[in-house]
Every structure is written in structure tokens, then in C-alpha cells.
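Student: Whatever this is, show me its structure:
(2 chains)
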Amino acid sequence: MAKETLLSLENASVHYGGVRAIDNVTLKVDEHELIALMGPNGAGKSTVLKALIGLAPLSRGQVRWHGVAIKPKTHEMVARGIAYVPQGRQVFKSLTVLENLELGGYTLNNRSATKANIESVLHLFPSLREKLSHKAGLLSGGQQQMLTIARGLVADPKILLLDEPSLGLAPKVVKEVFEKIAEIHRERCIAVVVVEHSIKSVLAIATRVFVLSRGSVVLEGSPDSIDSEALHRVFLGQS
Amino acid sequence: MDYAVHILTMIAITGIAAVSLNLLIGETGLVSVAQAAFAGIGAYGMTLLMLHAGIPFLAAALFSALIAGAIALIIGAIFLSLREVYYVFGTVGLNMIVWAILLNWDSLTRGPLGIPGITRPEVLGISFADNTAFLILCAVVLLAVFAAHYAIMKSNFGRVLHAVREDEEAIAVLGYKTEVYKIVIFVISAALVAFSGSLYATYLSYINPSAFTVNDSIFILAIVILGGLGSAYGAIVGTCMLVGAFEALRFIGFPASIAGDMRQVFYGLILILFMLYLPRGLFGKFRI
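Tutor: Numbers count the residues shown, from 1 in each chain, chains lettered A, B, ... in the order given. Modelled structure (predicted):
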């Protein structure tokens, strides 16, 4: 049975001032798939995620939700069921782990549903359970990354957008983070879009890959279909 | 004894302004240099309502706090697009505009002559004409504002304010309309400081625009920075220190012609020293 397309970008361009960040990018996110967005620095990967969540206004093209063209506003996109986890482990350091998680349930607008979802998320991230009363700023880098992902899941999203979850983490922790992303995708049956530098880690779990260079999609397909020579050329700036 | 009561009264009134500013700058990260403007709106609003409309103090003070809140709502919406230093300059501009209106709208405010003859309040049949009784009234209001600060910051609303302070984009991507939270706390802070302006006017029985300048806003800002951002307790300790230190300067023996200026130099110096050596202030959770 064909999978339904939940969210898509069509011929999208984004400019920051006079600088073109992405140009004519088309990308669709089907239910239950795990998309990897790859490319060198400045390729426009993070901007694609920001365009999907409404943080980067389109100068051209459109966003579609279940096939319907929409003007994405961040709070509305979150209410539709899209969770965005920005890069840089943006936990609220002065709040406890539990308070961070509770903030994630805003769109549920229901205290008991939030509590139940936190409980469900803690099954995925048992290491956070022991730290619930700790200030988030005191967690290790890996734990902070787990917390930001967990916080995004509290709203029970249909799509999880992750921006460079491995940024600044030790290799062993990166492995744990990607195992967790694969587990979330598998067990919660949600679509995941990951922006990532770490080719090996992300190709191991992705179902589809988009490679960007200088703001445009230059390669697309299943992980097996991506030519490793071409991929290396993109990362070396030869494409 | 009367002098001590006077200083404690000024500490209580200024403390209300400082705690209300801490809600903005300390807890939400919005650096405002317009507290004196809202205090002026409260002071003049209450005075005009009392003197010209015959409205009793409490109703007049609450109504002028509402007016200050309404103005903050409009200004807050206009300032939404301003970020960081631009927001600060926006609030400086607001204070200058309010001060200029108070100074130049002679028919309403009597301009630089100010408004004398403001009577001490009577609340629920209790007269606060006596200085000690008035101090008790101010202390009760300060305590109430302190309790309100505590309740706000312990609520979900306060948690979101903290999150806005730390990383506005990170909380916005969880679905929160951060602009609403910022406007609401701006309105609350303006209404609280307007009430302190009403107390100030009725305490001194005279007001003029010179009490509501950008300098006065910076003085309140200096108190909050000295006490420590994010600490209502620190705001009160900072008030005691700065108001107390200013009074102490009276006894140093500066010539009368420069005594006022020396106070400005003194608090400017304190601000510089704290920025250099104790940027979190005495009890602060955050840096500015």
C-alpha cells in the first residue's frame, strides 16, 4: 500500500537578506519514513528543516501539509504534529529535566495527557528518569541531546525533525543517539527527518537520502542507491 | 526616627519598582529602561483622578495601573519586532517620550511646576496620613508584589518566561507563542511599577516630571543588576543598598552644588564595578 505524504516542500527557495540559502528544493516526507538530509557546511540542510517548521519564510515555492498548500507558522506546525529539535542541544538549563519535558506537552493542552506522554517517553529514555529533578544544565552533552529529543516527543508528533543531533558529541555518544533515533522511528511509527554530517551513522538508519550542495538537492534516493563516489565529491565541494 | 521611616518608605516604594523590573529583565531577559515612565503614568494618573475626579486613592491607583498596563500592551505589541539592544533603545525612547509629555502638557500636568497638594491615602476607612502607617501600607504592597513575583515564577507561565530568557527559539518550536508571553509580562510589570508611582506621589504629596526620567529608570535597572538578575530577594537587597548608600552620601559633606551630581557618579561607578567584577550581582542567577 502506498504511503501517504504528510509534509512536502515544493520548489522552495529561502533567502537570508540577499544570500540564497536554498534554491528550488523539492522534498516530501511520507508517513513512517526516516529521511537523511546530508551535505557539506552551508549546503542549506538546516534551512530546509526551518522552512518546514515555519522558521525560515519561503521567498518562492510552497509547503504542503497532507497535500494542501499552507503558509507555515511555527506554532501551527507544532500543533499539526511536527516536532523540531534544533541543533546545539537547546535544553532550558535553569529548569529541571521534568520541567523541560513538561514544556514539550504544550500543544496537548491537557495535563494528564502530558503526564502520560512523559511516562511513555521515559520508557524510551530510561537514563532521564533518574535525573528528573536535576537541572538540565547539569546533564552531560549526550544526556542533553536525549532530553531535547525526548522533549520533542512529549507532544506525540507525527513527524520529528532533528537538526544535527550528533553535533559536538563524542563518537560513542553519537552511536547511542542514532540507535535511539532508529528505535524511535521503529517503535513509535513516526516519520523522522535528520540533518546530519556523520554519513556513516545516518546512512545506517535512513530509508531515504537527500544530499544538498549550495542550496540545491543534488542526489536523492535510498541509502543503497546513493553513489559513494558522488557523495564524496559533494562533501569535497567538487559538485 | 522620622528619618529612618522616610528611608524605609523610599526603600519599599523603590523595591516595588525593582521587583517588577526583575520580572522583565531578570526572569524574561527583556532589558527595559522605561520603568520610570510607567511609574510616572501611575503617579500622574492617580493624582489627576484623585484631584480632578474625586476618586479615592485605591481606585485611582488601580485604575492608573490599568492605564499603564494598557499603554504597555500597545507599546509591547509595537516592540515585538525589536531584538536585544534595539529593544533597549526602544524602551529608552518610550521613557523620553513620556517624560516629554509630562513636562510639556502644561494644561494637564502643570509641566515643570508639577502638581502639589496630593493627599495621603485612606484605604478601607483606614487613614495613612501618619508616616509610620504609610510605611506599613508600602511594606504590605511590597510584600504582595514579592508574593505575586513568587507565584508567577512558580507557575507554568513563569516557567515559559524562564525558557524565553534562555532560548526564545527553542521554546517557540515547542508551539509557544512567545510574543504573547512577553507582552503579558511587560503589561504586568508596567502595572506594578505604576502602582509604586502612585504610592510615591501620595507619599511626597507633590510630583513633577523630574522624578520620571531615563536616569531614574537606569537607577532602578542598576538596583536589579546589583541585587542579581532573576532574584526578587536580590532586587530588594539591591534597593536597600542603593537607596541606603545614597542617603549615606548626604553625610559625606559634598558641597550642596555638586551633591546631586555626586550621587549619579556614585551609582554609575557601582554599576561599572559590578559589571567588571560581579556581573551576576549579589544573588543573580543570570548575567545580563
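
Student: any chance you could map the helices in chain A?
Tutor: A:45-53, A:74-80, A:97-103, A:111-124, A:126-129, A:141-153, A:171-188, A:199-203, A:228-235 (DSSP state H).

Student: okay, the angle between the fourth one and helix A:171-188?
Tutor: In other words, helix A:111-124. Counting by axes from the mean of the first three to the mean of the last three Cα atoms, to 10 degrees, helix A:111-124 lies at 130 degrees to helix A:171-188.

Student: Would you mind extracting the C-alpha trace of helix A:111-124 into PDB?
Tutor: Included here for helix A:111-124 are C-alpha records, laid out as PDB according to Å, rounded to 0.1, in the frame of the first residue of the first chain:
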ATOM      1  CA  ARG A 111      -2.100  17.900  31.900                       C
ATOM      2  CA  SER A 112      -2.900  14.200  32.300                       C
ATOM      3  CA  ALA A 113      -2.100  13.500  28.600                       C
ATOM      4  CA  THR A 114       1.200  15.300  29.000                       C
ATOM      5  CA  LYS A 115       2.000  13.300  32.100                       C
ATOM      6  CA  ALA A 116       1.100  10.000  30.300                       C
ATOM      7  CA  ASN A 117       3.300  11.000  27.300                       C
ATOM      8  CA  ILE A 118       6.200  11.900  29.600                       C
ATOM      9  CA  GLU A 119       5.900   8.500  31.100                       C
ATOM     10  CA  SER A 120       5.900   6.900  27.700                       C
ATOM     11  CA  VAL A 121       8.900   8.900  26.600                       C
ATOM     12  CA  LEU A 122      10.800   8.000  29.700                       C
ATOM     13  CA  HIS A 123      10.500   4.300  28.700                       C
ATOM     14  CA  LEU A 124      12.500   5.300  25.600                       C
END
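
Student: List the contacts of it.
Tutor: Helix A:111-124 has contacts (Cβ atoms under 8 Å, 6 or more residues apart in numbering or on different chains) with A:98, A:101-102, A:104-105, A:108, A:128-129, A:150, A:153-156, A:180, A:183-184, A:187. Every C-beta, even on glycine, is put in place using the N, C-alpha and C of the backbone.

Student: The same query, at a cut-off of 6 Å, please.
Tutor: Applying Cβ atoms under 6 Å, 6 or more residues apart in numbering or on different chains, the contact partners of helix A:111-124 are A:101, A:105, A:108, A:129, A:150, A:153-154, A:156.

Student: Please apply the same query to the third one.
Tutor: Where contact means Cβ under 6 Å, 6+ apart, the residues beyond helix A:97-103 that reach it are A:91-92, A:118, A:128, A:131-132, A:134, A:136, A:147, A:151, A:154, B:159, B:174.

Student: The first one too?
Tutor: The set of residues external to helix A:45-53 that reach it, using Cβ under 6 Å, 6+ apart, is A:12, A:14, A:21-22, A:37, A:39, A:56, A:58, A:74, A:77, A:84, A:161, A:163, A:195, A:212.

Student: Could you give the separation of it from the chain centroid?
Tutor: 9 Å (Cα atoms, centre = their mean, to the nearest Å).

Student: Pick out the most distant pair among the contacts of helix A:111-124.
Tutor: A:108 and A:129 (20.2 Å; Cβ to Cβ).

Student: So between the two, which is more surrounded?
Tutor: residue A:108 (18 against 14; other Cβ atoms under 10 Å in any protein chain shown).

Student: Give me the spatial nearest neighbour of the residue in the stretch 1-150 of chain B that chain A sits nearest to, chain neighbours excluded.
Tutor: Ranking the residues of the stretch 1-150 of chain B by distance to chain A (Cβ to the nearest Cβ) places residue B:27 first, at 10.0 Å. Take residue B:27 and drop its neighbours on the chain: the residue closest to it by Cβ to Cβ, 6 or more residues apart in numbering or on different chains is residue B:161, 5.1 Å away.

Student: Residue A:196 and residue A:211: what is the separation?
Tutor: Going from residue A:196 to residue A:211 by Cβ to Cβ, to the nearest Å gives 11 Å.

Student: next one: residue B:8
Tutor: 69 Å.

Student: which of those two has more neighbours?
Tutor: Higher neighbour count among residue B:8 and residue A:211: residue A:211, with 24 against 19, using other Cβ under 10 Å.

Student: show me the contacts for the more buried one.
Tutor: Residue A:211 makes contact with A:38-39, A:218-219, A:234, according to Cβ under 6 Å, 6+ apart.

Student: picking that back up, go through the contacts of helix A:45-53 and say which is closest to chain B.
Tutor: Looking across those and measuring by Cβ to the nearest Cβ, the closest to chain B is residue A:84, at 4.5 Å.

Student: partner residues bridging the closest one?
Tutor: residue A:161 (DSSP bridges).

Student: and it, what does it touch?
Tutor: Residue A:84 neighbours (Cβ under 6 Å, 6+ apart): A:53, A:161, B:173.
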